[in-house]
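Q: pasting the sequence and the predicted model now:
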Amino acid sequence: MAKFKYRMQNILDIKMKLESQAKIAYGNANLRYLEEQEKLQKIVVRKTHYDMRLKELMQGDINVMDIKHAREDVNNIKVIMRRQMVEVHKAEMALDEARKALNQVMQERKGQEKLREKAFDEFKKEIASSESKEIDELVSYTYNAK
């Protein structure tokens with residue numbers, strides 16, 4: 001029996017490798033995004049702590065220098081938080097790009113797999129046709145031999 005050999009199998013293999021690389025890149029981008037989100041959450045917690053400290057200093061005995069330092073801390077943490085928000089946004093954009101690249105590579109691989117399936121179906125039809133011819137020849141030989 002004939003063996004099916006897809007003539008563009010090397011292209012399909014390359015597409016599969018590219019897809020696995022794109023999945024790895026997407027996973028790395030997702031990991032970076034999650035790390036940046038976690039950093040932002042920690043900064044938000046620190047900001048809340050600084051806000052509470054400033055509020056406590058504003059009550060009761062007022063020490064102007066402590067209040068000034070607490071306000072500076074709050075302002076500094078706001079700047080740090082804004083910078084971290086920018087980093088989170090950058091990571092999110094990189095994640096979207098990686099997702100788009102992964103989708104593109106997956107579509108290309110699926111297209112190659114569809115072409116392979118069509119070629120395999122054509123191969124099966126050719127095999128069925130050749131078997132049918134052989135059966136017809138065998139039947140006609142047997143009929144003519146009688």
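A: It's in. In this text the structure is predicted, and so the values were computed from the model without any measurement.

Q: retrieve the pLDDT associated with the spatially most central residue of the chain.
A: Most central residue of the chain, judged by C-alpha distance to the mean C-alpha position with C-alpha atoms, centre = their mean, is Tyr26 at 3.7 Å. Tyr26 carries a pLDDT value of 97.

Q: Lys146 now?
A: In the predicted model, Lys146 carries a pLDDT score of 63.

Q: with Gln84 instead?
A: The predicted structure scores Gln84 at 97 on the pLDDT scale.

Q: that one sits in which helix or strand?
A: helix 64-145 (DSSP states H and E).

Q: pLDDT below threshold where in this structure?
A: By pLDDT under 70, the weakly predicted segments of the chain are 1, 145-146.

Q: isn't Ala25 right next to Ala98, touching?
A: Yes - between Ala25 and Ala98 there is a contact at 5.1 Å, judged by C-beta atoms under 8 Å. Any C-beta I mention is one placed from the backbone N, CA and C, and that applies to glycine too.
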